[in-house]
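Q: Give the three-dimensional model of this entry:
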Amino acid sequence: MAALSGEDGRGEPDERGEPGPAGRGSAPEPPQVPGLPDFRSHLDAELGRIGTQLRALTDAKDRLQGLLDAVLAISGELDLSAVLRRIVTTAMDLVGARYGALGVLHESGEYLKEFITAGLSEQERAALAGVPFPHGRGVLGLLIQDPEPLRVENIPGHPSSAGFPPGHPPMRTLLGVAVGVRGEIYGDLYLSERYDGRPFDREDEEVVVALAGAAGIAIENARLFGRVRESAERFQRLLLPALPDLSPFEAATVYRPATQPSRLGGDWYDAMVLPDDTVGLAIGDVGGHDLDAAAAMARVHSMLRALLYDRRTPPSEVLVQLDRTLQATTDIPVTTVCLARIEPHETGWVLRWSTAGHFPPLLITPDLETEYLTAEPGVPLAVSTGIERPDHTHELPAGSILLFFTDGLVEHHAHAIDEGLTALADLAATHAERPLKEFVRVLADHHPSDGQDDMALLALRIPASTRSPAPGPPPEDPTV
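A: I've put the predicted structure just below:
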């Protein structure tokens, strides 16, 4: 019988003649396993593939982080020239390029009007000292004609190449990307020569295109900052008087707003010929950095000007009356002032002044010695009206310069105020022989402060007197 013969495929009979389970009594055939060498090579290939993917992910993460850092770097600048330079250097860092440049398009859009470079060594810059910057001919002009990303592996061999000027460092590869601002092409960003010697690839192009988008926003912000700053400076200047003719004295002034356009200041200066033919001088600083401070400055300045012109009294008495009037009629913040008169004395001139918490004037003599006319500084205005304010006097040598200034010229958050005063005195002595208008501009351009506050300067050059000797003893200093 087929069922007992085991021919039905269910297995051979056991010792009792009964069929067992299929395969019982015989070992199953083992699965086919790849040989060890094949298995190891397969594993190595898989590990290599995973490693490549991980490195790609790491590279992508690093590049994304680099892009983020670059965007933050260029967004942190507000001065336009600093923004343009930062765009170039961050793009170079992002793709490992040795050279970089940003060409700013002329308003016509036909050529470059400015070319900011980075990466050139001192020797390379010296070799190109007499060479005009490129205006967009040759390969560089391709981006002007068509603002699409451009990658070139052999610049000299490109059909559009116009060659390099003498002294230009050799460059073979190029990555160019247009930079747009508010829908218009502002300029072109050029990168050349990766440090690893490889040509620029698509990943380089993509990351620089992304940076260029952020660069356009940073440029627009910087231009807006410049317009706001110009408006703030114009507003401040409208509140300041024009200097009258102070003959025989030569006078010059400078006002500079704070570097942050939102920080309007309360600094001011004034100079006038008084009815008794003396010269009145004032400089002051109202606390605060907003429109309220600027408005308070206008009130203090106008009231002081009226009192100084009307009252032929020492500066200390004018300040006392000003303080009383202001506190009775207005609500002003704490204000510092230095008020002075220059009076004839024998054959020369003498300074009579009083301060309300302000810096002392700086005297630079004809032999370039400097001296701060330190005296009792007094208490600022709007603190107490019951305080006596002394006057001080000092003879002024013919040919000397008298400099009044506000704290924005010397204060720096990272340095002691004495360091700023010392630096200002040294700077003044170095440039005192310049024409007076140039002298005050140099002080304002190279000031030792951090630029966080506005600054005002008022300088007078003391003439030689042609007056006949005045009778009587010299004026006494009431503080002695």
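Q: Helices of the stretch 251-400 of the chain, start to end?
A: Applying DSSP state H, counting those that start in this stretch to the stretch 251-400 of the chain gives helices spanning 291-310, 315-329.
Q: so which of those helices comes closest to Phe133?
A: The closest of the helices of the stretch 251-400 of the chain to Phe133 is helix 291-310. By CB to CB, the value is 41.3 Å. Backbone N, C-alpha and C define where each C-beta goes, glycine included.
Q: a markdown table please, covering the helices of the stretch 251-400 of the chain and showing mean neighbour count.
A: What follows is the helices of the stretch 251-400 of the chain, written out as a markdown table (neighbours: other CB atoms under 10 Å):
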| stretch | mean neighbour count |
| --- | --- |
| helix 291-310 | 18 |
| helix 315-329 | 18 |
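Q: Lowest average pLDDT across those helices?
A: Within the helices of the stretch 251-400 of the chain, confidence is poorest for helix 291-310, with a mean of 86 (mean pLDDT).
Q: That one to helix 315-329, inter-axis angle?
A: Relative orientation of helix 291-310 versus helix 315-329 (axes from the mean of the first three to the mean of the last three CA atoms, to 10 degrees): 130 degrees.
Q: Counting by contacts, list what helix 291-310 packs against.
A: Using 3 or more CB pairs under 8 Å, 6 or more residues apart in numbering; DSSP states H and E, the elements in contact with helix 291-310 are strand 267-273, strand 279-286, helix 315-329, strand 335-345.
Q: Repeat the analysis, applying 6 Å as the threshold.
A: Under the contact definition 3 or more CB pairs under 6 Å, 6 or more residues apart in numbering; DSSP states H and E, helix 291-310 sits against strand 267-273, strand 279-286, helix 315-329.
Q: Any chance you could list what contacts that helix?
A: Helix 291-310 has contacts (CB atoms under 6 Å, 6 or more residues apart in numbering) with 239, 264, 266, 268, 270, 280, 282, 286, 318, 321-322, 330, 332, 335.
Q: which among these gets closest to Asp69?
A: Set against Asp69, the nearest of these by CB to CB is Leu264 (32.9 Å).
Q: Of all the helices and strands in the protein, which has the lowest average confidence?
A: helix 2-5 (a mean of 37; mean pLDDT, DSSP states H and E).
Q: neighbour-wise, which of the contacts of helix 291-310 leads?
A: Gly266 (30 neighbours; other CB atoms under 10 Å).
Q: From Arg229, how far out is the spatially most central residue of the chain?
A: In the chain, the centroid-proximal residue (CA atoms, centre = their mean) is Asp79; its distance is 5.3 Å. Per CB to CB, to the nearest Å, Asp79 is found 9 Å from Arg229.
Q: and if you look at Glu371?
A: To Arg229, Glu371 is 35 Å away according to CB to CB.
Q: Give me the more crowded residue out of the two.
A: The neighbour count for Glu371 versus Arg229, taken as other CB under 10 Å, is higher for Arg229 (18 against 14).
Q: now stretch 349-367, how far from the chain's geometric center?
A: Computed by CA atoms, centre = their mean, to the nearest Å, the separation of stretch 349-367 from the middle of its chain amounts to 32 Å.
Q: mind checking how far stretch 221-239 is from the chain centre?
A: 15 Å.
Q: CA atoms of it as CSV?
A: Extracted C-alpha coordinates of stretch 221-239, given in CSV (Å, rounded to 0.1, in the frame of the first residue of the first chain):
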residue,chain,number,x,y,z
ASN,A,221,19.7,97.5,5.9
ALA,A,222,23.1,99.3,5.7
ARG,A,223,21.7,101.8,3.1
LEU,A,224,18.7,102.4,5.3
PHE,A,225,20.9,102.9,8.3
GLY,A,226,22.9,105.5,6.4
ARG,A,227,19.8,107.4,5.4
VAL,A,228,18.5,107.3,9.0
ARG,A,229,21.9,108.5,10.3
GLU,A,230,22.0,111.3,7.8
SER,A,231,18.5,112.4,8.9
ALA,A,232,19.4,112.2,12.5
GLU,A,233,22.5,114.3,11.9
ARG,A,234,20.6,116.8,9.9
PHE,A,235,18.0,117.1,12.7
GLN,A,236,20.7,117.6,15.3
ARG,A,237,22.4,120.2,13.1
LEU,A,238,19.2,122.2,12.8
LEU,A,239,19.2,122.6,16.5
